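1. Compute the structure for the input listed below.
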Amino acid sequence: MIFGKIQYLNLLPFHIFMKRFTKSSQQKLSMEYKKNVPAHINNDFLHKNVDAAFISSIRAKNKKYVNLGIIAKKDVQSVIVIPSNNDKKDVESASSNILSNILGIHGEVLIGDKALKYTLTNSNYVDLAKEWHKKYNLPFVFALLCYHKDKKLYKKIEKEFLKKEYKVPQYLLKKAARRTGINQTEILKYLKLISYRVDYKAKNAIKKFYKEAEKI
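-> A predicted model of the protein is given here:
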């Protein structure tokens, strides 16, 4: 199995889970990772270069997925717009660029760890998930765990991952802090903003997003 791996901080708990999951399952010998930013992983999935991945919600439309995603209940800090008269999209993104258009927020779109790092030292930004929640009273689903086949396997991954909260070991926190330039305390605070369970509110949010995206 080839899994598309996005190395943003928001998926750190899931990657920890997958490492443990593969060690205790028959997938251990066949699991490979293909690492890249969301936009590239989207293309890899669409061209079947990976078997499964967290796919940007706008690209996940009509694809098979389990009830796992990257979800912000309100604010998220890692998907922002720096206000400006000149629009600049983030080449790593898909859903977030469209979200900024839906909300009518102009400027430079930033996503991922670089966006989080920016928010920790600057105040001139708009949190897109927060603005979405203000407007529609819904969470925002940035990505869904999509797959091409082996539904039973991914439903098992969904079930096992959602059983408990996965804490990030200190050595991995230190490693993530060195890689991103974001201190460990801020990483842990950020992860509390992220939810992974695609519940009924999240499903309603996805439908709303697709509906609004069609208007653009």
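2. quick one: low-confidence parts of the chain?
-> By pLDDT under 70, the weakly predicted segments of the chain are 24-31.
3. give me that answer again for 50
-> For the chain, the stretches flagged by pLDDT under 50 are 29.
4. what's the spacing between the residue most central in space within it and residue 95?
-> In the chain, the C-alpha closest to the average C-alpha coordinate belongs to residue 70, at a distance of 4.0 Å (C-alpha atoms, centre = their mean). Per C-beta to C-beta, to the nearest Å, residue 70 is found 10 Å from residue 95. Every residue, glycine included, has its C-beta placed from N, CA and C.
5. Mind listing the shared neighbours of these two?
-> Common neighbours of residue 70 and residue 95, using C-beta atoms under 8 Å, 6 or more residues apart in numbering, are 142, 143.
6. what sits against the residue lying farthest from the centre of the chain?
-> When distances are taken from the C-alpha mean of the chain, residue 85 lies farthest, 27.4 Å away, according to C-alpha atoms, centre = their mean. Applying C-beta under 8 Å, 6+ apart, we find residue 85 in contact with residue 106.
7. Next, it: secondary structure please.
-> Counting by DSSP: H, G, I helix; E, B strand; the rest coil, the backbone at residue 85 sits in coil.
8. Just read off the phi/psi values of it.
-> Per-residue torsions, residue 85: phi -80, psi -20 (degrees, to the nearest 10).
9. Tell me the spacing between it and residue 107.
-> Distance from residue 85 to residue 107, by C-beta to C-beta: 8 Å.
10. what residues are shared contacts of these two?
-> Between them, residue 85 and residue 107 share no contacting residue, judged by C-beta under 8 Å, 6+ apart.
11. and the longest helix for this protein?
-> When the chain is parsed with DSSP state H, its longest helix is helix 200-214.
12. contacts for that one?
-> Here helix 200-214 has contacts from 57-58, 61, 69, 71, 95, 98-99, 102, 136, 138-141, 144, 195, 198, using C-beta under 8 Å, 6+ apart.
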